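[1] Build me a structure from this.
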Amino acid sequence: MIRPRLLVSALTDHRPTCREQSLLEALQGSVLSQAVTSWDVQLHIADSDPRPASEVVEGIDAVILLGGPDVHPEFYGMDTGYPREGQHWPDGDRRQIELVLECRQRGLPLLGICRGHQVINVAYGGTLIQDMDGHESPTLLDDHRFSRHQVILEDESSLTRAGFGHELTVSSAHHQAIDRLATGLRSIACSSDGTIEAVEDPHAPIVGVQWHPEDPRSDRYSFELLLGMLREGLHS
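    Numbers count the residues shown, from 1 in each chain. Next up, the predicted model:
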């Protein structure tokens, strides 16, 4: 049986610190190890792949955008110099934005995780909160333990159709989030403070989640449901 082909896109393989490298490699490894059981998986490093998005997705059946560093503010009309600003990789940002738009044009299933969720909103023309409190874990780089909190899902969404219930406990760690929701996207999950936790395109198989379903300490079924959602998107 020929397995569907999944492109897993990371922004960069350059890391400012060894602790950050350890965390991101662990999360990337978790995605790859879970997906490889039912997909033919290809890893894509956006900042070092100069090919146009049309070539990157040629022969690909679905795409996952991984978490990682902040999106450069130039892509959502804001300035650098904000609190807790990290290193930027604008070439990779641009290529992942183009990847989102190519998936939308082709109707390719796409899942964005954390930063990937934010990239979807930016690609569609939305903006980001540049620095926020309340969704971080201060010891994350040392112990790889995310904060845990509840999100409430909207009825009749991609996530509920995939098998998620109305309320979900998620693993989270981020200091940026969606600010202005882009035209063409629908918010389908929020946390108690109003943070947009998941979005979908009602007219394309594109979904973003702000949390980390690939966290090894998270409920394993959550990521399995999202992979199942991508497979269902192949037939929509």
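[2] Number of residues surrounding residue 166?
    11 (other Cβ atoms under 10 Å). Bear in mind the C-beta positions are built from the backbone N, C-alpha and C, glycine included.
[3] Run a quick neighbour tally on residue 193.
    11.
[4] Pretty sure it sits in a helix.
    No: Residue 193: not assigned to a helix; according to DSSP: H, G, I helix; E, B strand; the rest coil it is coil.
[5] what about it, distance to residue 151?
    Distance, residue 193 to residue 151, using Cβ to Cβ, to the nearest Å: 11 Å.
[6] Below-threshold pLDDT in the protein: ranges please.
    Along the chain, segments meeting pLDDT under 70 span 1, 16, 220, 235-236.
[7] for it, what spans make up the strands?
    With DSSP state E as the definition, the chain shows strands at residue ranges 5-10, 40-45, 62-65, 110-113, 128-129, 147-153, 167-172, 177-178, 186-191, 196-200, 206-209.
[8] Hmm, residue 48 is touching residue 13, no?
    Yes: in this structure residue 48 lies within contact range of residue 13 using Cβ atoms under 8 Å: 7.2 Å.
[9] Check the burial of the closest residue to residue 54 other than its chain neighbours by counting its neighbours.
    For residue 54, ignoring the flanking residues on the chain, the nearest one in space by Cβ to Cβ, 6 or more residues apart in numbering is residue 102 at 6.0 Å. If you count neighbours by other Cβ under 10 Å, residue 102 ends up with 21.
[10] same deal with residue 199?
    So residue 199, with other Cβ under 10 Å, has 28 neighbours.
[11] now swap in residue 76 and tell me
    20.
[12] wait, what's in contact with residue 56?
    Shown in contact with residue 56 (Cβ atoms under 8 Å, 6 or more residues apart in numbering): 7, 44, 49, 95, 99, 102.
[13] With that, I have no additional questions.
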